[in-house]
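# let me see the structure of the following:
(2 chains)
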Amino acid sequence: MKSGPTYQDVPGGVRLARLFAQREFQSQALFVIIVVVLVWGAIQVASENLAESSGKSGFAFLWQKAAFELGESLIPYSAGDTYFMAFVVGVLNTLKVAALGIVLSTFVGLIIALGQLSKSVVIARLCRGYVEVVRNVPLLLQLLFWHTFLLRGLPTVRQALSPVEGVYFTNRGLYLLSPVAEPSFWVVMLALLGGIALAVGLRIWHRKTNAEFTLWPWGLSIAILPAIAAIYFAGAPISWDIPHLSGFNFKGGLTITPEFTAMLLGLSLYTGAFNAEIIRAGILGVPKGQVEAGFSLGLHPGQVMRKIVLPQALRIIIPPISNSYLNLTKESSLGVAIGYPEVVRVANITLAETSQSLECVSIIMLIYLILSLITSMILNLMNARTSREER
Amino acid sequence: MIRSSIFAATVALCMGTGGIANAADLLDEIQERGELVCGTLNYIAGVGFIDDKGEWSGFDVDFCKAAGAAILGDAKKVKFVALTGAQKFPALQSGEIDILSRSVTETISRDTTLGFSFIGPNHMTGQGFMVHKDTGVTDVKQLDGASVCVLAGTTTERYLADWFKANGMSFQPVAAENSDQMYSMYFDKRCDAVTMEPPYLAIRRARAASPDDHVILETLIAKSFEAPVIREGSPKFFKVLQWMHYGMITAEELGITQANVDEVAKTSKDPVVLRFLGVEGTIGADMGVKNDWMVNVIKTVGNYGEFYNNTLGKNSHLQVPRGLNALWRDGGAMVAPGWQ
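Okay, here's the model as predicted:
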């Protein structure tokens, strides 16, 4: 079939010239130029004014020593480390509360959503009430409520509540025993890995010979036996670090501060209410015929929900719930109000110490931007996997 | 046609907003403007407070009223701006306010790296601790391992870490966003001790459910000399404020008070007093203010003793003793060079 010269046949220079001649392109290019000029102008003005007013700017302060302590940290940190390290501690604390909050808020959302769809009127009304109350009270108030509740509601360190040995509830935090690796830890781990490898190997070999080799009891025993032997000969792999009252506070073990608990509760319960609505919408979005088909196959309600409804609902749920996760991450910045040492708190105190306000604020903005982009990238990947090819 | 005008507007916008006019001395600018803008705080009665009628009062506020009286001849021509701890320095640097009078602790790094000039210091105190009596603590050295409540983003947070480090001791910081939250956490025993300047600790202890359950430790871990602060680069403005501070001290030395200042100006035969009040000589006029500027200042807030006692001291509800803030001749640290 004969046709005129296609777009690709035209030489590059001519193509470019044609592009420039288009009105569409001209207006777009002009828009880009205006944006660039505005941004450049703003940066120029800001840096000029900064140079005039304070004399120093830039990020060199990040390598100076920070003279403040932060309440809790996932990595070793103390006053005298650099501001950069302080920011790392802040980011890790933000990530800690955001990651756990995302998981917990999803569970809360799922339970409340299923509750709302329950046949029991009482449960459905209760869950509906939860959503209406929790999502309509500002998050900041909820955080302050939980923080005050934990401080006032729990006993002081000296009157710690101890349900079992090694666990203490106080208004300075929850103290738990924590595992500590003993010298034999790695021996036992090695033995366990060896056992698992042996069991997997045997299973593959048996499959080739078509012999019966079930996971229970043979596979499991072969996997675990070497480890048990190692414990018998080398001693227990872990010991428990039990918190004990020493001086003013409990020492040893694991500490979960009331600030962190308040943050986690507040964020999870608040975002959970939004997630419940998203999940409910997702479940209701699955055509009724699917459920009926499931029942007619003889599946019981739990199976229908798990095997038919939820996998399809996931397609509808993921895009809006990514938004909700992004909000949770950003809202963790409210932790500054109750003294949780997340990244905004670190930036505020750094700002007070160094007076490099523009730098500190831009660091926070950059960090939240990166966190949000990473979260949305992961959820976009999940979305791509779960979304159905439209026919 | 439209396009080029957009571009021109953009360029004009960039040029127009560029730079703060920095040529004139702020003193002239304020007099021309007829208004002095003062950054302060609005929630601690006795220090910086705005009441339900919109009246500003307190030590930090009164300094600005005095400055308004000195420069513009009228304390009512002062506009107050309430600032949070994090806003205070950017507000001053950007030119939003003329004076920052907000219990700012003077330190070498703030003075030398931020482009600021400190006046005074006009309030000398230090950093101390209040502890629960049942902890049995009587000395700061016994605080090893304690949880300490501290106000986020203040010099107290830094001095606290510095002092524990220097003494090889450890502590658990419990940071609070504002002082109400900090004291409420302390009273709930979230922390064993709370750190702040002792006058403020005393205010809170007095308001506690049972004041006897709390001990303010005697030892101070740092000095905290608070001073009003302005941007560098206005020598005339700086000199007026600095000598206004000295003037209030001089007035106390000379026995001139809010009540008797007019009388003294009329009847005194002492050349020092006459020069000080601007009846003789041209000291005030040479500085760029009215010759009787100190009369206006004293009429507005009184001499330094009255200024202190009416806001923080014995005439106020706070009852903070003068301590270091007494005159040098009474064993304090408030001094002023001669008025010659």
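# so which residues of the chain form helices?
No chain specified, so I'll use chain A. In chain order, chain A shows helices spanning A:12-21, A:23-53, A:83-116, A:121-135, A:139-153, A:185-208, A:220-234, A:258-284, A:288-296, A:301-303, A:310-331, A:343-354, A:357-386, with DSSP state H as the criterion.
# ah, no, chain B please
Secondary structure of chain B (DSSP H): helices located at B:2-16, B:26-33, B:59-72, B:88-93, B:108-113, B:155-166, B:179-187, B:198-207, B:235-254, B:261-267, B:271-276, B:283-287, B:293-301, B:304-311.
# low-confidence ranges in the stretch 101-250 of chain A?
Per-residue confidence for the stretch 101-250 of chain A (pLDDT under 70) gives these ranges: A:210-216.
# wait, the stretch 101-250 of chain B
Within the stretch 101-250 of chain B, not a single segment meets pLDDT under 70.
# next, format the helices of chain A as a markdown table and append mean neighbour count and distance to residue B:311.
From N, CA and C alone the C-beta is placed, and that goes for glycine too. Conversion of these to a markdown table gives the following (neighbours: other C-beta atoms under 10 Å in any protein chain shown; distance: least, C-beta to C-beta, whole Å):
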| stretch | mean neighbour count | distance to residue B:311 |
| --- | --- | --- |
| helix A:12-21 | 10 | 71 |
| helix A:23-53 | 13 | 31 |
| helix A:83-116 | 21 | 37 |
| helix A:121-135 | 15 | 45 |
| helix A:139-153 | 17 | 31 |
| helix A:185-208 | 15 | 64 |
| helix A:220-234 | 16 | 71 |
| helix A:258-284 | 23 | 35 |
| helix A:288-296 | 12 | 73 |
| helix A:301-303 | 11 | 71 |
| helix A:310-331 | 18 | 40 |
| helix A:343-354 | 24 | 25 |
| helix A:357-386 | 15 | 30 |
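# let's have these in CSV, adding distance to residue B:172.
Output for those, formatted as CSV (distance: least, C-beta to C-beta, whole Å):
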stretch, distance to residue B:172
helix A:12-21, 65
helix A:23-53, 37
helix A:83-116, 15
helix A:121-135, 32
helix A:139-153, 15
helix A:185-208, 30
helix A:220-234, 37
helix A:258-284, 12
helix A:288-296, 54
helix A:301-303, 47
helix A:310-331, 26
helix A:343-354, 15
helix A:357-386, 25
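# how about stretch A:15-31 and chain B, touching?
Yes - against chain B, stretch A:15-31 shows contacts by C-beta under 8 Å from any C-beta of the partner chain at residue A:30.
# for that stretch, what is the average pLDDT?
In this model, stretch A:15-31 has a mean pLDDT of 83.
# check the offset of that stretch from the chain's centre.
Relative to the chain's own centre, stretch A:15-31 is displaced by 44 Å; criterion: C-alpha atoms, centre = their mean, to the nearest Å.
# same question for stretch B:192-201.
Mean C-alpha position of stretch B:192-201 versus that of the full chain (C-alpha atoms, centre = their mean) differs by 18 Å.
# which other residues reach that stretch?
Contacts made with stretch B:192-201 from outside it, assessed by C-beta atoms under 8 Å, 6 or more residues apart in numbering or on different chains, are listed as A:248, B:44, B:125-132, B:135, B:137, B:143, B:146-151, B:156, B:160, B:179, B:182-183, B:186, B:216, B:220-221, B:224, B:312, B:318, B:320.
# now stretch A:75-90
A:61-70, A:73-74, A:92, A:341-347, A:349-350, A:354, A:363, A:367, B:161-162, B:164-165.
# any idea how far chain B is from the nearest residue to residue A:379 once chain neighbours are set aside?
Nearest non-adjacent residue to residue A:379, counting by C-beta to C-beta, 6 or more residues apart in numbering or on different chains: residue A:322, 3.7 Å away. With distances defined as C-beta to the nearest C-beta, to the nearest Å, the gap from residue A:322 to chain B amounts to 30 Å.
# just confirm residue A:322 contacts residue A:381, I think it does.
No - with the criterion set as C-beta atoms under 8 Å, residue A:322 and residue A:381 do not qualify as a contacting pair; they are 10.7 Å apart.
# what do those two both touch?
The contact lists of residue A:322 and residue A:381 share no entry, where a contact means C-beta under 8 Å, 6+ apart.
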